[in-house]
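Undergrad: all I have is the shape, not the residue letters:
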């Protein structure tokens, strides 16, 4: 940490603004990938205040505030990104995740799903969210279609098998349910490295907002 701080001070002392921001960005991204949300957020915010369209700083801040459970700040960043036409699909995905945690936003979920799928109907995160939201709105056929599309892209997504198993169990289709339950047991969740690196207390904070 001291080495990184020294390096940053040297860069600030001898570089132009764009170069300084780029070096800050590299250091901040390193913090982020190690799960150090505090230090990564500090540097990303410094860059964002100087240039809110620098690289993918705004997208990283959206992710960080979501992982921290700071949903209002996250939504503010999302709205800014959407207004500027940046990271539209990713921004909508995080907005949908936040709205899923808020029962008062239930009626806004289906329109968000339609927007996400219109942008990219093959995006796995969007399809998984679509399946969840269709299930919540009793659109069972659409939910099954969404989860099957996920599996057509990647057979080893455990969550899609688990959700399909639940759906078929509720429909009384025992054979189909057991088929997907058995498939789910073969695979582990394929989380990205950045999600794996988030501290357990951050995950707990997010889950606590659902109660």
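TA: Nice, thanks for sending it over. Predicted model only: the values in this text are computed from it and were never measured. Residues are numbered from 1 along each chain as shown.

Undergrad: pull the longest helix from the protein.
TA: Taking DSSP state H as the criterion, the chain has its longest helix at helix 17-33.

Undergrad: that one packs against which elements?
TA: The helices and strands touching helix 17-33, judged by 3 or more CB pairs under 8 Å, 6 or more residues apart in numbering; DSSP states H and E, are helix 2-14, helix 37-50, helix 57-68, helix 193-196. All C-beta spots, glycine's among them, are computed from the backbone N, C-alpha and C.

Undergrad: for stretch 30-44, what is the average pLDDT?
TA: Averaging pLDDT along stretch 30-44 yields 96.

Undergrad: just how off-centre is that stretch within its chain?
TA: Between the centre of stretch 30-44 and the centre of its chain there are 16 Å (CA atoms, centre = their mean, to the nearest Å).

Undergrad: ditto for stretch 158-170
TA: With CA atoms, centre = their mean, you get 21 Å for stretch 158-170.

Undergrad: list the buried ones in it?
TA: 158-165, 167-168 (16 or more other CB atoms under 10 Å).

Undergrad: now do stretch 175-188
TA: By 16+ other CB under 10 Å, the buried positions in stretch 175-188 come out as 176-177, 180-181, 183-184, 187.

Undergrad: among those, which are in helices?
TA: Checking the buried residues of stretch 175-188 against DSSP H, those in helices are 176-177, 180-181, 183-184.
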